[in-house]
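**Q** Attaching a predicted model along with its sequence, questions to come.
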Amino acid sequence: MLTRFAVLLGAALLAAGLLAGCGSGDEGVVLRFYTPADAATQYGQAAVDCTDQAGGRYRIEQQTLPRQADDQRLQLARRIVGGDETLDIMLLDVTWTAEFAEAEWILPFPPEAAARAQEGTLEVAYETGTWRGELFAAPLNTNTQLLWYREDLMPPSGPPGRWDEVIAIAEGLAAQDRPSWIEVQAAQYEGITVWFNTLLTSAGGRIVADDGTTVTLAEGDAANRALEIMSGVATARGVDPSLSQRDEGAARLAMESGRAVFQVNYPFVLPGIEENNGGSPIDEQGNPTDQDTGRQVGDVFDWAPYPSVVEGEPASVTIGGLNLAVSSTSRHPEQAFEAIQCLRNRENQLRNAREGGVPPTLEALYTDPAFQEAYPAWEAIKTSLDNASVRPESPAYQSISIVLSDALNPPNEIDPDAMVDDLAQRVEDAVNSQGLVP
Amino acid sequence: MTTTEVPARFPVDTPDTDGKRRSEGARAERRLAAMLCAPAVIVMVAVTAYPIGYAIWLSLLRYDLRFPEQSQFVGLDNYVAVLTDQYWWSAFTVTIAITVISVAIELVLGLALALVMHRTIMGRGTVRTVVLIPYGIVTVAAAFSWQYAWTPETGYLAGLLPDGSAPLTEQIPALAIVVLAEVWKTTPFMALLLLAGLALVPDDLLRAAQVDGAGPWQRLTKVILPMMKPAILVALLFRTLDAFRVFDNIYVLTRGNNGTGSVSILGYDNLFGAFNLGIGSAISILTFVCVAIIAFLFVKGFGAAAPGADAERR
Amino acid sequence: MMAVADTPARKAGWSVLNIVVILYALVPVLWITSLSFKTTATVTDGNFVPREWTVANYQGIFATSEFTRALGNSIGIALIATTLAVVIGTMAAYAIARLTFPGKKLLIGVSLLIAMFPQISLVSPLFEIERAIGLFDTWPGLILPYITFSLPLAIYTLSAFFREIPWELEKAAKMDGATPAQAFRSVIVPLAAPGVFTTAILVFIFCWNDFLFAISLTSTEASRTVPAAISNFTGSSQFEEPTGSIAAAAVVITIPIIVFVLLFQRRIVAGLTSGAVKG
């Protein structure tokens, strides 16, 4: 009975294995294109279009990864380390380039392909795809933040240009019992690291140097100024009590509810508030109300450049975005590089911008009327991208982000003077893979 | 509780046919036992032998997936690094707190639930079905339910608190919510195991006790609870082992932020966030050691009946 | 049951208790149901009862095959894993509870070890094995780990039950002339049934609930189960948090559990009150 059982079990396993293996008959080269779950339909459409253009040389199949960036990274890393050959093209977050490149999980672009990818592409976006001078991931989308504000609540001089002005206006409104929340991404996640990095680079500092391992955070007073601003926002009078829980979506919703006067966020908030029928109705004071007053948040919703830190110098917003890379376990790297060129062409980037809400990386598109129509804020976005900064390029970036977000949250407990050295030490440990991450 | 492996009914010094029959019987018994246990053993060993061994081996290496060339054998260095790190001890404290508090509440509530399920005179079927629903809901879905309920503006529970409080962003309130979510979800598990134990309490004993003048409380503490002791200990053992490894609820509710991370979350972050396989495996092994100590305490200390210990007597 | 008159006062008392219990169990379930019927505009308004009702969330999750496939996978995998785990566990538990054999303590120790070992550190090696032998993203690829990690619970629960069964009844039946098989079937099986069904429920719920293995050992619709599919949910547009979809999915996947429990709950009741297991 035992042997019979064992034989049956073994046969079942074998059969399952064979069944899993077969089914992928000889149908030519299939390139699997892994994208996040958000905007998967646009990427699927791009895959179909590029398959048509391939003229039979290959077929691109779009596959969806989990919604959260961390889960995507985990799945991709695990499968590449496990030698999964069905990974060909992947959409990587801009922060993963150094990590994946150093670990040899993605392939460097051949020189001609790299040159083609660089042509006409925004400089700062191209930088996010390089590591040690070589291109490992070609930019597809990018993203940057602007200051979104309530027109009706501004002083006659208009929207503020610096962070201390932002705080001053908000506190003034709080004294009058009017909406005073300043919405930022301050939850304990990547968002708060981005906020800190933006402030730091706007003040002229950097977290790590170009080599990815030398910690430069504590040099100069940039870190101190950045921390002072974060602390100021979080302890301002009339501050949002849930500030330390806000991410992009929550910040947008708080603004639409009418209780916030400022938010720093990505351009998706504009079509967002339109889809939400203009947000909450507001009364003459600007406070949200249940009655239909005929005036809504969306009617007085406007944008301005991201507040700067240093007088006279524009802010250096830390950009986001997605890049296209080829997995080192792919069986068809040549076709994959070719397909990438098509997947990031003008039509596909325009579609992503219009339907997916993410700005393109091709500079020419910013002067295209079709794009400008979909993005009323296109000029501010372009200016922001011209001055933008990138997140620290280091294979240990994930650890850096985790330890920084742990230290910086909740922002109302930041002590600017005491914290700079602590942050530098944490980043040092993270870069050398020492110790634990929380 | 100690048993000898050589069956006591195989007396070495009485020969002849009686002894031979008994030895044949013992051998047949062992063969039957081997056949019955084989599938379980094969499945368990085949699936876990390599992973467990690999995890132990990894914990002795300095191995970061992002810097594969720098791996080297470092012996117990990882364990030292973990045990001297404040993040480990803070996670450990949080885990102990959650475990003790939630298991204590679950035991009391579970017992009460079991009593109601056992004794209620109407709608028994409904009550018993309904009570199992919290346990059956997918954990992450229930955790979302709690998260939305306690988020300011969105949630009905958050609305009950003074304006301006966001309980999920402060350590103690967030931990309280985690305990609430854990208790709500797994009290039915306790209740189910306790109900089975409760059903084995003979009614005649209870009637006799009542006739002797024992009130309901005395019947509970002097008759029911002692007879349920094996069931209670099994329920406590499994529930404590699970509570110590709490993960899903914390992951959804707070992602481990603001000092609410348990040892499992810490292991997850180091293994899958920082890709530090050496440290992450060391954290996992240490978690296992803690859990093993708990189990040991239960079995040896409280006398949780190890099944099969007195099978020879039957 | 206590032989006391069912006075209206007693009935009222138990009814109140019943209601308290039902409320305890159902309030969060009702909340998530209410969330699933809310329109996207009102989902953040904090009301327990929706002010605006819609079935759009349900339509949304069934619009693609993704969720339906995941449901099918979940049900199939959980059923198969439960059946196998209960069968294998029953055999082993019987041996532990009734027989003497060398290595019994080792077996118990090993199953405890497996029950206690943190699963997060086992996921990656398991993934590598499964990929190497081609089980990644297949049903057996999930069924085997589920059986493995629910066996300790099954064995412990079942052997605890089997210990309490008076085996003398079987001997008595045999002495009355029944064959061993008949004695087993007519005496032991009804006594063992409640324990077996309790274990089946616990194992099923474990498989149904699992999140870690589901997201690590699957990658396509072929074997992705519901918890993993939920993590892929996006809102109806890229501006929406998928609150409504997640809530709708949660409600839909709770229904099989209710059905499962309803079916087996009567068996347990019958077994527990049959009176055979009195001291």
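**A** Thanks, I have it.

**Q** use CA for all of it now, contacts and neighbours both
**A** OK.

**Q** and the closest residue to chain A within the stretch 151-279 of chain C, what does it touch?
**A** Closest approach between the stretch 151-279 of chain C and chain A, counting by Cα to the nearest Cα: residue C:232, at 4.6 Å. With contact taken as Cα atoms under 8 Å, 6 or more residues apart in numbering or on different chains, residue C:232 is in contact with A:37, A:65, A:66, A:67.

**Q** wait, which of the residues you listed is closest to residue B:286?
**A** Proximity to residue B:286 was ranked across these by Cα to Cα; first place goes to residue A:66, at 30.1 Å.

**Q** ok, and does stretch B:24-43 reach over to chain C?
**A** Yes: counting by Cα under 8 Å from any Cα of the partner chain, chain C has neighbours in stretch B:24-43: B:26, B:29, B:30, B:32, B:33, B:36, B:37, B:38, B:39, B:40, B:41, B:43.

**Q** what distance separates that stretch from the middle of the whole chain?
**A** Taking Cα atoms, centre = their mean, to the nearest Å, one finds the center of stretch B:24-43 at 28 Å from the center of the full chain.

**Q** Just the CA trace of it, in CSV.
**A** Taking Å, rounded to 0.1, in the frame of the first residue of the first chain, the C-alpha atoms of stretch B:24-43 are listed here in CSV:
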residue,chain,number,x,y,z
GLU,B,24,4.4,-10.7,16.3
GLY,B,25,1.6,-8.5,17.4
ALA,B,26,4.1,-5.7,18.2
ARG,B,27,5.8,-6.1,14.9
ALA,B,28,2.5,-6.0,13.0
GLU,B,29,1.6,-2.9,15.0
ARG,B,30,4.8,-1.2,14.1
ARG,B,31,4.3,-2.1,10.4
LEU,B,32,0.8,-0.8,10.5
ALA,B,33,2.0,2.4,12.2
ALA,B,34,4.7,2.8,9.6
MET,B,35,2.3,2.5,6.7
LEU,B,36,-0.2,4.9,8.3
CYS,B,37,2.4,7.5,9.1
ALA,B,38,4.4,7.2,5.9
PRO,B,39,2.4,9.6,3.7
ALA,B,40,2.5,12.3,6.3
VAL,B,41,6.2,11.9,6.8
ILE,B,42,7.0,11.8,3.2
VAL,B,43,5.1,14.9,2.4
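
**Q** Return the set of buried residues in that stretch.
**A** Within stretch B:24-43, the residues scored as buried using 16 or more other Cα atoms under 10 Å in any protein chain shown are B:26, B:29-30, B:32-41, B:43.

**Q** can you tell me which of those are in helices?
**A** Under the assignment DSSP state H, the buried residues of stretch B:24-43 contribute B:26, B:29-30, B:32-41, B:43 to helices.

**Q** would you turn those into CSV with pLDDT and distance to chain A?
**A** As requested, these are arranged in CSV below (pLDDT from 0 to 100; distance: Cα to the nearest Cα, whole Å):
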residue, pLDDT, distance to chain A
B:26, 79, 19
B:29, 82, 15
B:30, 83, 14
B:32, 84, 10
B:33, 85, 11
B:34, 86, 9
B:35, 87, 6
B:36, 87, 8
B:37, 89, 10
B:38, 90, 7
B:39, 91, 8
B:40, 91, 11
B:41, 91, 12
B:43, 92, 10
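
**Q** which residues pair with the residue nearest the centre of chain A across the strands?
**A** Among the residues of chain A, the smallest C-alpha distance to the mean C-alpha position (Cα atoms, centre = their mean) belongs to residue A:320, namely 3.3 Å. Here residue A:320 shows beta-bridge partners residue A:143, assigned using DSSP bridges.

**Q** So it sits against residue A:142, correct?
**A** Yes: with contact defined as Cα atoms under 8 Å, residue A:320 reaches residue A:142; the gap is 5.6 Å.

**Q** For the stretch 101-250 of chain C, which segments count as helices?
**A** Secondary structure of the stretch 101-250 of chain C, counting by DSSP state H, counting those that start in this stretch: helices at C:104-116, C:120-133, C:139-164, C:168-175, C:180-183, C:189-209, C:212-216, C:226-230, C:243-273.

**Q** Mind checking those helices for the one nearest to residue A:46?
**A** helix C:226-230 (23.4 Å).

**Q** can you tell if stretch B:48-62 touches chain A?
**A** No: contact of stretch B:48-62 with chain A (Cα under 8 Å from any Cα) is absent, the minimum separation being 9.4 Å.

**Q** so where's chain A uncertain?
**A** Per-residue confidence of chain A (counting by pLDDT under 70) places the weak regions at A:1-27.

**Q** Report the angle between the helix or strand harbouring residue B:125 and helix C:243-273.
**A** Residue B:125 belongs to helix B:124-136 when elements are defined using DSSP states H and E. Angle between the axes of helix B:124-136 and helix C:243-273 is 130 degrees (criterion: axes from the mean of the first three to the mean of the last three Cα atoms, to 10 degrees).

**Q** which is the next helix or strand following helix B:124-136?
**A** For helix B:124-136, the succeeding helix or strand toward the C-terminus, using DSSP H and E, is helix B:139-150.

**Q** name the helices or strands packed onto that following helix?
**A** Contacting helix B:139-150 under the criterion 3 or more Cα pairs under 8 Å, 6 or more residues apart in numbering or on different chains; DSSP states H and E are the following elements: helix B:171-199, helix B:248-253, helix C:8-36, helix C:243-273.

**Q** could you show me where the strands are in the chain, in order?
**A** You didn't pick a chain, so chain A it is. For chain A, the strands defined by DSSP state E occupy A:30-35, A:59-64, A:89-93, A:130-131, A:134-135, A:138-143, A:146-150, A:181-183, A:260-265, A:301-304, A:320-326.

**Q** meant chain B actually
**A** Counting by DSSP E, chain B has these strands, from start to end: B:61-62, B:72-73.

**Q** Identify whichever of the ones you listed lies nearest to chain C.
**A** Of all those, strand B:61-62 sits nearest to chain C, with 14.3 Å by Cα to the nearest Cα.

**Q** okay, and for the stretch 101-250 of chain B, where does confidence drop off?
**A** Low-confidence segments of the stretch 101-250 of chain B (pLDDT under 70): B:153-154, B:163-165.

**Q** The closest residue to residue A:274 other than its chain neighbours: what's it in contact with?
**A** Taking Cα to Cα, 6 or more residues apart in numbering or on different chains as the measure, residue A:274 lies nearest to residue A:298, with 7.1 Å between them; neighbours along the chain are not counted. Remark: with contacts taken as Cα under 8 Å, 6+ apart, residue A:298 is in contact with A:256, A:273, A:274, A:277, A:278, A:279.

**Q** hmm, try it at 7 Å
**A** For residue A:298, the contacting residues are A:273, A:278, A:279, by Cα atoms under 7 Å, 6 or more residues apart in numbering or on different chains.

**Q** Please produce TSV containing the helices and strands packed on helix B:139-150, extended by distance to residue A:75 and mean neighbour count.
**A** TSV is the format used below for the helices and strands packed on helix B:139-150 (distance: least, Cα to Cα, whole Å; neighbours: other Cα atoms under 10 Å in any protein chain shown):
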stretch	distance to residue A:75	mean neighbour count
helix B:171-199	27	22
helix B:248-253	18	22
helix C:8-36	29	17
helix C:243-273	22	20
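
**Q** closest one to residue B:72 among these?
**A** Taking Cα to Cα as the measure, the helices and strands packed on helix B:139-150 were each checked against residue B:72, and helix B:248-253 came out nearest at 31.8 Å.
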